[in-house]
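S.K.: this one's structure only:
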């Protein structure tokens, strides 16, 4: 955003445009204006983004209007999220996009925030008192942003309905595993005709044979990380451990490739793949592919893929590497859009905050995509009528 006046006007104007798409979801003028003020505060360069600082940024005398927006006024955060997702699809929609599932932790004090307990947080890298949110990201060559979210409720919550009611959790909301939440979010994207080409997730989700089978039945192409103990059907065995497929491979079967840029530069690994599931439709293939560390060859990660028959190893590597895009979304949404800066304790308030923070992140992502398009148009030579199609090298 750079802090200059032109940049501020740009994102403020785009937030207005996005806000117009869901302003009809509010019955009164106060929550309409509060929602816009909240998003503006979330992208403003504030040290802390809490009720008081956001209210001050909006010119309110105190945080009451912000608190009412998140906790008391009736509005449906899922409906607003639909409008935000439609905005993302309109500006970034791509039939080759990747849907990425992952969760992130939000460190919390006390025991009253919905879903909070001592649980492993990948964000902290340890067991902490935290809430866990499961998210769905939409990643394209032009940008990536979050398009769905659900708060994970451990059984310590869902087994105590009185505790749930105090936190605004309806009696109809039962326990769901994180994998079940992931399935539901991808099903929703499919049902609502969000354009995409692939689904990917880390091993915590990809290990689920049931989910992989469901995606295959729907003919949804996927590259799922899994554990070394996962088993597959091969020519030799019905339950063949994936880690047994690679020790005997000739050295030339391993290809050294980058799977994209990481925090410390290009992520270079050695990759190989083995075809599995020999009986299936002719135009589809199942692969197990392995990613081996260059400096520590004993460190190997495994992926299971369902894809078109002509899919190259390089394409599978690209999809596997795209999973890091959701980590980038979490990082930028927390740093720039206050994703983890919230003081709500109730279940509806969590989803409302996340929805508005995701809207702010989507807005910034679209602005950056436009900036990239402009830069590309200025540096690329004019295309001739005989230029190849974007997918000609597939």
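M.R.: Noted; the coordinates are in hand. Bear in mind the structure is a predicted one, so any value in this text is a computation, not a measurement. Residues are numbered from 1 along each chain as shown.

S.K.: Quick check: the gap between residue 135 and residue 369.
M.R.: 20 Å (CB to CB, to the nearest Å). From N, CA and C alone the C-beta is placed, and that goes for glycine too.

S.K.: Over to residue 359?
M.R.: For residue 359 relative to residue 369 (CB to CB), the value is 16 Å.

S.K.: same question, residue 174
M.R.: Distance from residue 174 to residue 369, by CB to CB: 39 Å.

S.K.: Looking at these two, which has the bigger crowd around it?
M.R.: residue 369 (18 against 13; other CB atoms under 10 Å).

S.K.: residue contacts, the more buried one?
M.R.: Contact analysis of residue 369 by CB atoms under 8 Å, 6 or more residues apart in numbering lists 91, 92, 142, 143.

S.K.: Which of the residues you listed fall within strands?
M.R.: residue 143 (DSSP state E).

S.K.: So in this protein, which strand runs the longest?
M.R.: The chain, longest strand under DSSP E: strand 126-140.

S.K.: Out of the contacts of residue 369, the closest to residue 105 would be?
M.R.: Nearest to residue 105 among the contacts of residue 369, counting by CB to CB, is residue 143 at 24.5 Å.

S.K.: That closest one - how many residues pack around it?
M.R.: 22.

S.K.: Just confirm it contacts residue 366, I think it does.
M.R.: Yes: using CB atoms under 8 Å, residue 143 is in contact with residue 366, at 7.0 Å.

S.K.: joint contacts of those two?
M.R.: Joint contacts of residue 143 and residue 366 (CB under 8 Å, 6+ apart) are residue 92.

S.K.: Could you list every helix and strand that the helix or strand residue 200 falls within packs against?
M.R.: For residue 200, the host element (DSSP states H and E) is strand 198-201. Counting contacts by 3 or more CB pairs under 8 Å, 6 or more residues apart in numbering; DSSP states H and E, strand 198-201 packs against strand 98-107, strand 222-226, helix 313-321.

S.K.: For those, could you give me a markdown table that also reports distance to residue 180, mean neighbour count and mean pLDDT?
M.R.: A markdown table is the format used below for those (distance: least, CB to CB, whole Å; neighbours: other CB atoms under 10 Å; pLDDT from 0 to 100):
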| stretch | distance to residue 180 | mean neighbour count | mean pLDDT |
| --- | --- | --- | --- |
| strand 98-107 | 12 | 23 | 96 |
| strand 222-226 | 16 | 24 | 98 |
| helix 313-321 | 23 | 20 | 95 |
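
S.K.: export those to a markdown table and tack on distance to residue 72?
M.R.: Output for the helices and strands packed on strand 198-201, formatted as a markdown table (distance: least, CB to CB, whole Å):
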| stretch | distance to residue 72 |
| --- | --- |
| strand 98-107 | 22 |
| strand 222-226 | 41 |
| helix 313-321 | 43 |
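
S.K.: List the buried residues in stretch 130-148.
M.R.: For stretch 130-148, burial by neighbour count (16 or more other CB atoms under 10 Å) applies to 130-140, 142-148.

S.K.: picking up where we left off before, report the mean per-residue pLDDT for the strand holding residue 200.
M.R.: Averaging pLDDT along strand 198-201 yields 98.

S.K.: quick one: that strand to chain centroid distance?
M.R.: 10 Å (CA atoms, centre = their mean, to the nearest Å).

S.K.: Next secondary structure element downstream of it?
M.R.: Next along from strand 198-201, by DSSP H and E: helix 203-206.

S.K.: mind listing what's buried in that following helix?
M.R.: Buried residues in helix 203-206 (16+ other CB under 10 Å): 203, 204, 205, 206.

S.K.: about what we covered before: packing partners for the longest strand of the chain?
M.R.: Looks like strand 126-140 contacts helix 77-92, strand 98-107, strand 117-121, strand 143-151, helix 178-191, helix 324-337, helix 347-379 (3+ CB pairs under 8 Å, 6+ apart).

S.K.: coming back round to it: okay, the buried residues of helix 203-206 in a markdown table with distance to residue 354 next?
M.R.: Formatted as a markdown table, these follow (distance: CB to CB, whole Å):
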| residue | distance to residue 354 |
| --- | --- |
| 203 | 25 |
| 204 | 20 |
| 205 | 19 |
| 206 | 24 |
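
S.K.: Residue 228: which of the residues you listed is nearest?
M.R.: Looking across the buried residues of helix 203-206 and measuring by CB to CB, the closest to residue 228 is residue 203, at 9.4 Å.

S.K.: Give me the nearest residue to the closest one, chain neighbours excluded.
M.R.: residue 225 (4.3 Å; CB to CB, 6 or more residues apart in numbering).

S.K.: Then residue 304 would be within a helix, right?
M.R.: No: going by DSSP: H, G, I helix; E, B strand; the rest coil, the assignment for residue 304 is strand, not a helix.

S.K.: Can you verify my assumption that it contacts residue 242?
M.R.: Yes: at 7.4 Å, residue 304 counts as touching residue 242 under the criterion of CB under 8 Å.

S.K.: Kindly provide the distance from residue 40 to residue 56.
M.R.: Applying CB to CB, the value for residue 40 to residue 56 is 12 Å.
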